[in-house]
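>>> just coords:
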């Protein structure tokens, strides 16, 4: 059974509303904090996601939980003619739009505010769909994945980059120290929001990573499901397709 993680435990809002408010609040510092928290390794992980997508020569790409658009911007180096970055946080999207405009990519990349569990697109719209560090924020994981399957074209590729927990010593112990101790401290120092980065740690730890997530993808209807652990297992890239 999926463990429910609430960003702000004293709030009366549901998880989805809390996640939106949380990311709006930290949007201005998000890019810099990502580099600090991951020691810059997240850039390497995203490049591997791009490689998986590029190998399928997509014309249309949807990046869900796009945040400030890093992955969507990188997709401009693929064969894609239309790229949509979707996020629930308008604050994150606004930062992304400025980055896209600065790179003269506004005609190629569209940033859309919407709920990842209720995608505003027709069935079989996209050749490729990606989610980087976002599926754990779905309030209803299976509902969100079902929506992704719906809008993915047959033979399209779905790629997820998500945190996971290493299984071997000393990487497992180092992971817990980093996420439970260092991450909240760094978040508080840089964003003045210790709660937000505590949530990111808790949500990562509770996510059904590895084979458990593979099984959920298969249950939803995805095929050719594979998981590829990264950097001693602190993150995992999942790939799947649709018949």
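Thanks, I have it. Please read all numbers here as calculations on a predicted model, not as lab measurements.

>>> what's the longest strand in this protein?
Criterion DSSP state E: the longest strand present in the chain is strand 152-163.

>>> contacting residues around that one?
Applying C-beta atoms under 8 Å, 6 or more residues apart in numbering, the contact partners of strand 152-163 are 45-46, 49, 52-53, 56, 58, 60, 124-136, 148-149, 204, 207, 209, 213, 217, 222, 234-243. Just so you know, the C-beta spots here come from the backbone N, C-alpha and C atoms, and that holds for glycine as well.

>>> One more pass at 7 Å, please.
Contact with strand 152-163 is made by 45-46, 49, 52-53, 56, 124, 126-133, 135-136, 148, 204, 207, 209, 222, 234-243, as judged by C-beta atoms under 7 Å, 6 or more residues apart in numbering.

>>> Narrow those to those that are buried.
Neighbour counting with 16 or more other C-beta atoms under 10 Å marks 45-46, 49, 52-53, 56, 126-133, 135-136, 148, 204, 207, 209, 222, 234-242 as buried within these.

>>> Out of those residues, list just those in strands.
Among those, DSSP E puts 126-132, 235-241 in strands.

>>> which residue ranges form the helices in the chain?
15-26, 30-37, 41-54, 70-74, 90-102, 141-151, 171-177, 183-191, 194-206, 211-220 (DSSP state H).

>>> what's the angle between the longest one and strand 235-241?
Relative orientation of helix 41-54 and strand 235-241, computed by axes from the mean of the first three to the mean of the last three C-alpha atoms, to 10 degrees: 10 degrees.

>>> who's in contact with helix 41-54?
34, 61, 70-71, 74-75, 77-78, 128, 130, 132, 157, 159, 161, 230-231, 235, 237, 239.

>>> and if we set it to 8 Å?
Residues from elsewhere that reach helix 41-54 (C-beta under 8 Å, 6+ apart): 34-35, 61, 70-71, 74-75, 77-79, 128, 130, 132, 157, 159, 161, 228, 230-231, 235, 237, 239.

>>> again with the fourth one
Contacts of helix 70-74 from elsewhere in the structure, counted by C-beta under 8 Å, 6+ apart, are 31, 46-47, 49-50, 61, 63, 66, 83-85, 96, 99-100, 103, 105, 109, 111, 130, 132.

>>> Residue 111 and residue 93 touch, don't they?
Yes: at 4.7 Å, residue 111 counts as touching residue 93 under the criterion of C-beta atoms under 8 Å.
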